[in-house]
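[1] Predicted model follows, preceded by the sequence.
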Amino acid sequence: MKSGVYVIADGANTSIVGTDITAGVVAFSSVQDARLDGFKITVSAPVNGGGRAVVFTGNTNETTVLQNCILQNTQYGIFVWSPATPTIQNNTIVGGLCEQGIYIGNLPTAPIIRNNIITGYSVAGIHVVAGMASPVPTISHNDLWNNNENYLDYPDQTGINGNISSDPLFADAENENYHLTSNSPCKDTGSSQGAPNTDMDRILRPQGSGMIWARMNIGFTAMLNRWRHVMVIDPVILRFKKQSIPLI
C-alpha cells in the first residue's frame, strides 16, 4: 500500500487471498493517509512459519487505517513493527490454530487499537513486546475472547476503556459467518470515536444514526446476521467471482 491510497472493497466480503509469508498479504511501509476497508484477508494454504495478514512498518502513522476487515488463517493477524502507529479499528480477527492476533514489537510504539474482536489465538490476542515502556498502544472497546492469553507482556485491559472479554456470539463461526447475533455483547458497546461511517457490507454505522440511542458495534459489522453477496479477488490472476450465499 502507498500513501494517499484508499482501497475500499466493492460490496460485502471481498477477499484478498495471499501466500503465507512474513512480509504480509498486505504491507504498509512508511505510509500516511491510506486506508484498507472492508476486505476478508487470508492465505490460500496456511503454513506454520510466521505468515502475517497485514504488516505495518517504518513511519506509518495513525492516518493509515485498517478497518471493517476479517482476518483469519495466518499465524499473525496483524504485525506492527516500531515505529509504526497505525489505526486498527472495527475488524474481526479470528485465530483458530493461529498464534497471535495483533503483535506489537521490537520497540515501544503506539498504534490505536479500537472496536476489534480478537478471538481464538493459541498464544495471545494482543502481544505488546515492549510491555509498558513508553509510548504504549491505545487499546479501547475491543473484545478479546478465548485466546490462550488475551494480553501478553501487557496488563489485562478487560474492564478498562470499554474493553471486554466475552463470547462474541457469532452467527455461525464454523462456516465463517462472523456477523453478530442479537444477544452478542459486541452489539452497541463500541466507541464512535473515529469509527467508520459504514461497515463491510456498506451498511451505515451506527444503525439508527441520528437517534439518541444509536451505538457502535465492536467488529466489522453494523448489522446482525443476514444474507449477503460474496466477491472473491484472486490477486494473482485478478479473477472475480460473485455468488449469493445464505448466512444462517
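    It's in.

[2] quick one, what contacts the most centrally placed residue in the chain?
    Taking CA atoms, centre = their mean, the centroid of the chain lies closest to N91, which sits 2.9 Å from it. Taking CB atoms under 8 Å, 6 or more residues apart in numbering as the contact definition, N91 lies against 66-71, 116-117, 219-220. Using the backbone N, CA and C atoms, a C-beta is placed for each residue, glycine as well.

[3] For it, what are phi and psi?
    Main-chain torsions, N91, degrees, to the nearest 10: phi -110, psi 160.

[4] Next one: it relative to N106, how far apart?
    23 Å (CB to CB, to the nearest Å).

[5] Tell me, how many residues neighbour N183?
    N183 has 9 neighbours, counted by other CB atoms under 10 Å.

[6] Could you do S29 as well?
    16.

[7] so it touches V54, yeah?
    No. Counting by CB atoms under 8 Å, S29 does not reach V54; the two are 11.9 Å apart.

[8] so where's the protein shaky on pLDDT?
    12-13, 20, 46-50, 207-214, 224-248 (pLDDT under 70).

[9] on that earlier part again, can you redo the contacts of N91 as CSV, where the extra columns are distance to P137?
    Output for those, formatted as CSV (distance: CB to CB, whole Å):
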residue, distance to P137
L66, 14
Q67, 16
N68, 20
C69, 18
I70, 21
L71, 17
N116, 12
I117, 17
G219, 19
F220, 20
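
[10] Which PyMOL command selects the buried ones in the residues you listed?
    Selection of buried members from the contacts of N91 for PyMOL, criterion 16 or more other CB atoms under 10 Å:
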select buried, resi 66+67+68+69+70+71+116+117+219+220
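
[11] Which ones among the contacts of N91 lie within strands?
    66-67, 70-71, 117 (DSSP state E).

[12] Rebuild these as JSON lines, extending it with distance to M132.
    JSON lines is the format used below for the ones in strands among the contacts of N91 (distance: CB to CB, whole Å):
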{"residue": "L66", "distance to M132": "24"}
{"residue": "Q67", "distance to M132": "27"}
{"residue": "I70", "distance to M132": "30"}
{"residue": "L71", "distance to M132": "26"}
{"residue": "I117", "distance to M132": "24"}
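
[13] which of the contacts of N91 lies closest to E176?
    Of all these, E176 sits closest to I70, with 8.1 Å by CB to CB.

[14] Return the residues in contact with the closest residue to the closest one other than its chain neighbours.
    Using CB to CB, 6 or more residues apart in numbering and skipping the chain neighbours, the partner closest in space to I70 is K40 (4.4 Å). Residues in contact with K40 (CB under 8 Å, 6+ apart) are 13-16, 69-72.

[15] do the same with G131
    Here G131 is in contact with 153-154 (CB under 8 Å, 6+ apart).

[16] Look at it and give its secondary structure.
    coil (DSSP: H, G, I helix; E, B strand; the rest coil).

[17] E174 too?
    Secondary structure state of E174, per three-state DSSP, is helix.

[18] Please report how far the residue nearest to the centre of the chain lies from M223.
    Counting by CB to CB - N91 and M223 are separated by 16 Å.

[19] How many neighbouring residues does the nearest residue to D37 once chain neighbours are set aside have?
    Closest residue in space to D37, ignoring its immediate chain neighbours: I8 at 4.5 Å, by CB to CB, 6+ apart. Neighbours of I8 under the rule other CB under 10 Å: 15.

[20] Good, wrapping up.
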